[in-house]
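S.K.: show me the folded form of this:
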Amino acid sequence: MMQHKIMLRHDEVKDFVTHASKSPYDIDIFYNSFIVDAKSILGVYGLDFTKELTVRINGYDPEFEKYLKKYAIAC
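M.R.: A predicted model of the protein is given here:
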């Protein structure tokens, strides 16, 4: 299981969900106790984009990992 901290804007949701949907693994995106399926455009739009989001991938998908780097938050 891999986790990444990201920031996402409303105008990036469609592209994010499209890339998440290509992964064969379950991908969740969450903050606090609010968890949604990252492959659900309505679920992702329901998130608070002013918050730091965590993406959890239940497997290793190198293509999606590479894609997430553009949203990564420096730790």
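
S.K.: just the CA coordinates of whichever strand or helix holds Thr18, formatted as PDB?
M.R.: Thr18 is part of helix 13-21 when elements are defined by DSSP states H and E. Output for helix 13-21, consisting of C-alpha atoms alone and laid out as PDB, is shown next (Å, rounded to 0.1, in the frame of the first residue of the first chain):
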ATOM      1  CA  VAL A  13     -10.400  16.500 -11.000                       C
ATOM      2  CA  LYS A  14     -11.400  15.100 -14.300                       C
ATOM      3  CA  ASP A  15      -7.800  14.400 -15.300                       C
ATOM      4  CA  PHE A  16      -7.000  13.000 -11.900                       C
ATOM      5  CA  VAL A  17     -10.000  10.600 -12.000                       C
ATOM      6  CA  THR A  18      -9.200   9.600 -15.600                       C
ATOM      7  CA  HIS A  19      -5.700   8.500 -14.600                       C
ATOM      8  CA  ALA A  20      -6.900   6.800 -11.400                       C
ATOM      9  CA  SER A  21      -9.400   4.800 -13.400                       C
END
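
S.K.: and the next helix or strand after it, what does it pack onto?
M.R.: Note on helix 13-21: by DSSP H and E, the next helix or strand toward the C-terminus is strand 27-31. Other elements packing on strand 27-31 under the criterion 3 or more C-beta pairs under 8 Å, 6 or more residues apart in numbering; DSSP states H and E are strand 34-37, strand 53-57. All C-beta spots, glycine's among them, are computed from the backbone N, C-alpha and C.

S.K.: and those strands: which comes nearest Lys66?
M.R.: Across those, the minimum distance to Lys66, taken as C-beta to C-beta, is reached by strand 53-57, at 12.1 Å.

S.K.: list the contacts of that closest one.
M.R.: Under the contact criterion C-beta atoms under 8 Å, 6 or more residues apart in numbering, strand 53-57 has outside partners 1-8, 23, 25-31, 38, 47, 64-65, 68.

S.K.: perfect, that will be all.
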